[in-house]
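Peer 1: sequence unavailable; structure follows:
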């Protein structure tokens, strides 16, 4: 009997030991995948392998292994099959972009953007030129100046009168809508005009200051008001950088208008023009910011999907075989415009943007693994729409701005980036988390700009009072009936502006900014 039991005890083969080790590893991987919420395809794949390894009979496991090997061979052969890439382009949400364009469309005859685009397209040279425009002390853009004191600047400005005339022509139009491009390729085109607009602003500041100093008061004021209109035109855009540029430009304009109101000899018509040019003392953050959110959300969706997916004219979608397409297009446009990078940069870009045959095949092979964890464009759009909902709460009047936003460096950790590489629900969250701090910054800049605008509106009322009574008002109560109630309040702190009459002079300050003297 003992001999029979001994015969039944067969030694465990090395193959069986390896199989159970493999089962254990697959089990651990499956637990880890579930714990970190890996995509369903990865979990299902690991589960199938585990069941095949642990539950299938030995003969069935053999056939399963042969089938797996055959699938691997087929996929390896597929990597080398020509794709016909000519008809495929980066995937973007064109219908959403078209809807956004239609929502903010402006008829051509009313659109100042057509004048700007023609003007900026013809503009040559560095937007910071000439250096003496910025570095002369005092700078011609900062305060009134005489031609005899800055002959070089005066001579240079004479060659730009046609530019100034076109800017004044654009300022006559109330509406402005530049072409919208919400993807990685179009985004640089959308914002590259900002340095040129900055240069145009310096032109207007310098010529306006020269006009005022030399007695051409109406001409100088017209140029100051043109600058405020440029800022207002930028506020009509969807891109956040346009709004930030608009804040800076309006600050420059208000600084000169404040000096004009107090130190020059404006008449009643001048003051009325200035008061009407100030955008308004009311806080319109909700309506202004929501169009920024609409654009930012679409930009993030298009940037991701244009890198990860391709679409053909028939509407078929596939994982991208050419993730360099967008970057290559931008680089080639830069070369066409004559802006040549350094030779070392050119060599590096050529290696990256014009991959070899084997690099292209490697990318195609990687699409096999990416299939397991990459969502469809529609799934990713749904994820991004959901994560952006919390930012729409920022447009509500009762949003708590006292809560500190997440620091960008605390979001961009190695662990977060590693997880985002395969967990695209987390990637969508991480993308929006990265924007939170910047949105708080935009809100702060918006309120500071509103404070400056309200302060300038008060200065107009103060000057109007002085012209009627031949003395500065004793306190703000004297002008309270002449201004909207909100114009007296610093929007940053909700405290009233501080005014002090010093006889021949006065000061006007907010908690967030000095209005006069600046």
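Peer 2: Received the coordinates, thanks. Computed from a predicted model, the values in this text were never measured in an experiment.
Peer 1: in stretch 441-453, which residues are buried?
Peer 2: With burial defined by 16 or more other Cβ atoms under 10 Å, the residues of stretch 441-453 counted as buried are 442-443, 445-453. (Each C-beta comes from the backbone N, C-alpha and C, glycine too.)
Peer 1: what is the end-to-end distance of stretch 483-491?
Peer 2: Chord length of stretch 483-491, first to last residue, is 16 Å (Cα to Cα, to the nearest Å).
Peer 1: ah, wrong one, I meant stretch 371-378
Peer 2: Span of stretch 371-378 from end to end, Cα to Cα: 15 Å.
Peer 1: ok, so of the buried residues of stretch 441-453, who is nearest residue 53?
Peer 2: residue 442 (54.1 Å; Cβ to Cβ).
Peer 1: in contact with the closest one, which residues?
Peer 2: 240, 243-244, 289, 292 (Cβ atoms under 8 Å, 6 or more residues apart in numbering).
Peer 1: where does the stretch 201-350 of the chain have low pLDDT?
Peer 2: 326-327, 329-350 (pLDDT under 70).
Peer 1: what segments of it are strands?
Peer 2: 309-311, 317-319 (DSSP state E, counting those that start in this stretch).
Peer 1: tabulate those (a markdown table), appending distance to residue 355.
Peer 2: Shown next, in a markdown table, are the strands of the stretch 201-350 of the chain (distance: least, Cβ to Cβ, whole Å):
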| stretch | distance to residue 355 |
| --- | --- |
| strand 309-311 | 15 |
| strand 317-319 | 16 |
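Peer 1: got the ones you listed as a markdown table, with distance to residue 20 and mean neighbour count columns?
Peer 2: Listed next are the strands of the stretch 201-350 of the chain as a markdown table, based on distance: least, Cβ to Cβ, whole Å; neighbours: other Cβ atoms under 10 Å:
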| stretch | distance to residue 20 | mean neighbour count |
| --- | --- | --- |
| strand 309-311 | 41 | 21 |
| strand 317-319 | 36 | 15 |
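Peer 1: helices - which of the buried residues of stretch 441-453 land there?
Peer 2: 442-443, 445-453 (DSSP state H).
Peer 1: from residue 513, how far out is residue 496?
Peer 2: 14 Å (Cβ to Cβ, to the nearest Å).
Peer 1: looking at the two, which one has more neighbours?
Peer 2: Counted by other Cβ atoms under 10 Å, residue 496 and residue 513 do not tie: residue 513 has more neighbours, with 18 against 12.
Peer 1: and the nearest residue to that one once chain neighbours are set aside, how far is that from residue 203?
Peer 2: Of all residues not flanking residue 513 in the chain, residue 451 sits nearest, at 5.3 Å (Cβ to Cβ, 6 or more residues apart in numbering). Per Cβ to Cβ, residue 451 is found 27 Å from residue 203.
Peer 1: also residue 229?
Peer 2: According to Cβ to Cβ, residue 229 stands 14 Å off from residue 203.
Peer 1: could you tell me how many residues sit around the closest residue to residue 153 other than its chain neighbours?
Peer 2: Excluding its sequence neighbours, the residue lying closest to residue 153 (Cβ to Cβ, 6+ apart) is residue 140, at 4.8 Å. Counted with other Cβ under 10 Å, the neighbours of residue 140 add up to 27.
Peer 1: quick check, pLDDT for residue 140.
Peer 2: If you check residue 140, the pLDDT there is 81.
Peer 1: pop the domain breakdown of the chain in here.
Peer 2: The chain resolves into domains spanning 14-79, 112-279 when parsed by automatic domain parsing.
Peer 1: rebuild those as a markdown table, extending it with distance to residue 318.
Peer 2: What follows is the domains of the chain, written out as a markdown table (distance: least, Cβ to Cβ, whole Å):
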| stretch | distance to residue 318 |
| --- | --- |
| domain 14-79 | 12 |
| domain 112-279 | 18 |
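Peer 1: pick the most deeply packed of those domains.
Peer 2: Comparing these by mean neighbour count (mean count of other Cβ atoms under 10 Å), domain 112-279 comes out on top with a mean of 18.
Peer 1: any idea how far apart the tips of that one sit?
Peer 2: Span of domain 112-279 from end to end, Cα to Cα: 17 Å.
Peer 1: same question, stretch 507-518
Peer 2: End residues of stretch 507-518 are separated by 9 Å (Cα to Cα).
Peer 1: test my guess that residue 307 contacts residue 323.
Peer 2: Yes - using Cβ atoms under 8 Å, residue 307 is in contact with residue 323, at 5.2 Å.
Peer 1: taking the centroid of this protein, which residue is nearest it?
Peer 2: residue 240 (4.9 Å; Cα atoms, centre = their mean).
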